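Chemist: Need coordinates for the following:
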Amino acid sequence: MIERDLKVVDAELVDDGHLPATIGPASAPAARPVVDRHTILYPGQNLPTKADQPTYTERDLYVSERTQQRLENQSSPKNTSANYKSQRNLFAAWCAAQGRVARPCTTATYVEYVAHLIETGRAPNAINAAMSAIRTWMPEDKKPGTKQARGMLNEYKKEWAKRTAVRKAPPVTDALLRAMVASCDLTTPAGVRDRCMLLLGRGALNRRIELADLSIADVSVDDDFVTLHIRASKTDQEAKGEHTDIPTDRDDPLLDPVAAVRDWLTVLHRLGVREGAFFRALTARGTLQNRARATVREEYVTGDAINDWVRNRAHKAKAKNWQQITAHGLRRGGAQAIADAGRDPTKQGRWKAGSAVVKREYLDRAQSRAENPWLKVQEKRREEPQ
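Modeler: Numbering: from 1, shown residues only. Just a heads-up that it's a prediction; the model follows:
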């Protein structure tokens, strides 16, 4: 016989003194854990849940106007920023024409656009730049995958290499540099400017934009050296700044960078220029060019202008390949001359320490030339009795 009374609750037999704590609506579900494959927990730690996450308000999301200005004027090179903006606009226009969402885009859209660029015959480097511009445009947590797009681009690079010869700007050799400088009429402002530009570009192994960005305050000169302060460069995106010294050439006044800089500063003084851009655009009469419409660069010339000045001097020097010569030829020619002399051009040209480009293009080439077996043949020939 059952000694205690029992009640039926929800079809369960329970004791009178042990009824369920809650009868009726179900209690709230437990908070969901917030974990992924990167979560690491120490012994004794509880699983993190959504309840542990902070609640963000608008205060946590907005930045001030001053911060906005700093973000919009980050230290990315102006050329890079302009190119990225152009690439993103092209991508957005293509997406609109295709009926696709541009931002944030799916991996499929990203891959399809890369395939589109390949089909149009764009250079691999240009496609790579477009891919980077588009991907960095996306929110951090919604960037498209790159594996498939990279795979297609790598295969395309092989095709491109087969049908496109690699063309590099010819180096400006010592002999060509002398001829180009000799073409500068030093009785004209343009001639004085171009001579200075050639000798600084060669002596400091400048990139063309580094020459274009020089300010008068960045150039100092004494009896033995010209010193250039390069405020930012391809390998100095944080704009820490670097100094490059170019020694005087007492053996050849025409090729002396110290004299060239002093002569150009004198011309600038006569033109009423005391500060601002070091290299200036000039009219045919030798006066300052009106830069009222140059809203971005203002009085500073472009890298393309530097290229035009170099190419013009190569043409006047009657160089056979003058159409192919650019400001980069000054950098290449100077770096090779330093390497041929048994020195490392890395610091002078502001490459990264241990640069693979410098080793492959200049140091290894200089060593290969010095050890060329035909030089031994010629040496033996000279030693043989005649």
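Chemist: and the gap between the closest residue to residue 291 other than its chain neighbours and residue 281?
Modeler: Distance criterion C-beta to C-beta, 6 or more residues apart in numbering; nearest residue to residue 291, sequence neighbours excluded, is residue 299 at 5.2 Å. Heads up, the C-betas are built off the backbone N, CA and C, glycines and all. In this view, residue 299 and residue 281 are 8 Å apart by C-beta to C-beta, to the nearest Å.
Chemist: Quick check: neighbours shared by the two?
Modeler: Shared contacts of residue 299 and residue 281, defined by C-beta atoms under 8 Å, 6 or more residues apart in numbering, are found at residue 291.
Chemist: I'd guessed residue 49 sits against residue 35; true?
Modeler: No: counting by C-beta atoms under 8 Å, residue 49 stays clear of residue 35, with 9.2 Å between them.
Chemist: related to what we said a few turns ago, so which strand or helix has the residue nearest to residue 291?
Modeler: Assigned by DSSP states H and E, residue 299 belongs to no helix or strand.
Chemist: and it, what does it touch?
Modeler: Contacts of residue 299 by C-beta under 8 Å, 6+ apart are 276-277, 280, 291.
Chemist: what are the ranges of the strands in the chain?
Modeler: 6-9, 12-15, 219-221, 225-230, 242-247 (DSSP state E).
Chemist: Just the endpoints, please. Distance across stretch 68-88?
Modeler: Distance between the boundary residues of stretch 68-88 (C-alpha to C-alpha, to the nearest Å) amounts to 20 Å.
Chemist: try stretch 260-278
Modeler: One end of stretch 260-278 sits 13 Å from the other (C-alpha to C-alpha).
Chemist: Give the burial count for residue 253, as a bare number.
Modeler: 11 (other C-beta atoms under 10 Å).
Chemist: For it, list the residues it contacts.
Modeler: Residue 253 is in contact with residue 259, counting by C-beta under 8 Å, 6+ apart.
Chemist: And the closest residue to residue 349 other than its chain neighbours, what's its pLDDT?
Modeler: Once flanking residues are discounted, residue 349 sits nearest to residue 205: 3.4 Å by C-beta to C-beta, 6+ apart. Note for residue 205: predicted pLDDT of 91.
Chemist: Check the one 10 residues further on too.
Modeler: Residue 215 carries a pLDDT value of 94.
Chemist: Kindly report the same for residue 132.
Modeler: You'll see residue 132 listed with a pLDDT of 94.
Chemist: Next up, the contacts around it.
Modeler: Listed by C-beta under 8 Å, 6+ apart, the contact set of residue 132 reads residue 84.
Chemist: One more: residue 186?
Modeler: Counting by C-beta under 8 Å, 6+ apart, residue 186 has contacts 192, 195, 263.
Chemist: Distance of residue 131 relative to residue 118?
Modeler: For residue 131, the distance to residue 118 (C-beta to C-beta) stands at 11 Å.
Chemist: between these two, which one's more packed in?
Modeler: A count of neighbours by other C-beta under 10 Å puts residue 131 above the other of residue 131 and residue 118, at 21 against 18.
Chemist: Can I get stretch 112-128 in CSV, CA atoms only?
Modeler: What follows is stretch 112-128, C-alpha atoms only, in CSV (Å, rounded to 0.1, in the frame of the first residue of the first chain):
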residue,chain,number,x,y,z
GLU,A,112,34.2,37.0,-62.3
TYR,A,113,35.6,40.6,-62.4
VAL,A,114,39.2,39.3,-62.4
ALA,A,115,38.3,36.9,-65.2
HIS,A,116,36.8,39.9,-67.1
LEU,A,117,40.1,41.9,-66.6
ILE,A,118,42.0,38.9,-68.0
GLU,A,119,39.8,38.6,-71.0
THR,A,120,40.3,42.3,-71.8
GLY,A,121,44.1,41.8,-71.9
ARG,A,122,45.1,43.9,-69.0
ALA,A,123,48.7,43.5,-67.7
PRO,A,124,49.0,41.1,-64.7
ASN,A,125,50.5,43.9,-62.6
ALA,A,126,47.5,46.1,-63.4
ILE,A,127,45.1,43.3,-62.5
ASN,A,128,46.9,42.7,-59.3
